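Trainee: coords below, sequence missing:
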């Protein structure tokens, strides 16, 4: 009978060996203190583990028994990915304990997410200034899942037009913003200035201008709030940069 052996070498390498076929799958593991990198790694291997689970269910429906070579092999793969998930989850748990001590955990994670995209400090502060106006009460204490009157989340997205983000957690909202922002600013850039687009938005070198551009091109709210959003952007900039 073919067997699957899982070998953990220190904490940096997991090997899965199919003894009869003499094949080796090698996945190097890494230690990181990057919250978002760990979230993505856990998500990646959770998807792989779920695929193996589904394959096993399909194999059973096809008539394979639990002690068959096919099911035993799939079980080995499932445990293999499960060990990887546990490895990264342990790191994430440690980081979460440290983050829980921060004054503004969610705002810090949002800042780090945006910086990981390569956006400059002014753009990140400008966007955060708008979020402070939307769900922070003028502070960095953001209520990330707040909703009401058909609006939800960090940017108070309208459910009618952006139902995909409705109910999303922090990662889901930031992923949506990442995927949506270029289209919106390219489409409504004229609301800020002639020929303005996402590329020019990313080149802004003043947090208050970035806040104003984001407000006019993405949020598209009432102009009466423009000034306070700009002031909040400066608060965010000074908190994370200076």
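Mentor: Yep, it's here. This is a predicted model, so every value here is computed, not measured. Residues are numbered from 1 along each chain as shown.
Trainee: which non-adjacent residue is nearest residue 234?
Mentor: The shortest distance from residue 234 to any non-neighbouring residue, by Cβ to Cβ, 6 or more residues apart in numbering, is to residue 207 (5.8 Å). Heads up, the C-betas are built off the backbone N, CA and C, glycines and all.
Trainee: host element of the most centrally placed residue in the chain?
Mentor: With distances taken as Cα atoms, centre = their mean, residue 171 lies nearest the centre of the chain, 3.5 Å away. Assigned by DSSP states H and E, residue 171 belongs to helix 170-188.
Trainee: and that helix, what does it pack against?
Mentor: When contacts are defined as 3 or more Cβ pairs under 8 Å, 6 or more residues apart in numbering; DSSP states H and E, helix 170-188 packs onto helix 105-116, helix 198-202.
Trainee: near the closest residue to the residue nearest to the centre of the chain other than its chain neighbours, how many other residues are there?
Mentor: Leaving aside its chain neighbours, residue 171 sits nearest to residue 39 (5.9 Å; criterion: Cβ to Cβ, 6+ apart). Per other Cβ atoms under 10 Å, the neighbour tally for residue 39 reads 17.
Trainee: and residue 39, that's in a helix?
Mentor: Yes: assigned with DSSP: H, G, I helix; E, B strand; the rest coil, residue 39 falls within a helix.
Trainee: what strand or helix carries the nearest residue to residue 237 once chain neighbours are set aside?
Mentor: The shortest distance from residue 237 to any non-neighbouring residue, by Cβ to Cβ, 6+ apart, is to residue 125 (3.7 Å). If you go by DSSP H and E, residue 125 is part of helix 121-135.
Trainee: where do the strands sit along the chain?
Mentor: 4-9, 13-18, 23-28, 147-148, 151-152, 157-158 (DSSP state E).
Trainee: tell me what the fifth one is packed against?
Mentor: The reference is to strand 151-152. When contacts are defined as 3+ Cβ pairs under 8 Å, 6+ apart, strand 151-152 packs onto no helix or strand at all.
Trainee: which residues does that strand contact?
Mentor: Under the contact criterion Cβ atoms under 8 Å, 6 or more residues apart in numbering, strand 151-152 has outside partners 145-146, 157-159, 165-167.
Trainee: and the angle from the helix holding residue 171 to helix 121-135?
Mentor: Put simply, helix 170-188 runs at 110 degrees to helix 121-135, going by axes from the mean of the first three to the mean of the last three Cα atoms, to 10 degrees.
Trainee: buried residues in helix 170-188, which are they?
Mentor: 170, 173-174, 176-177, 180-181, 184-185 (16 or more other Cβ atoms under 10 Å).
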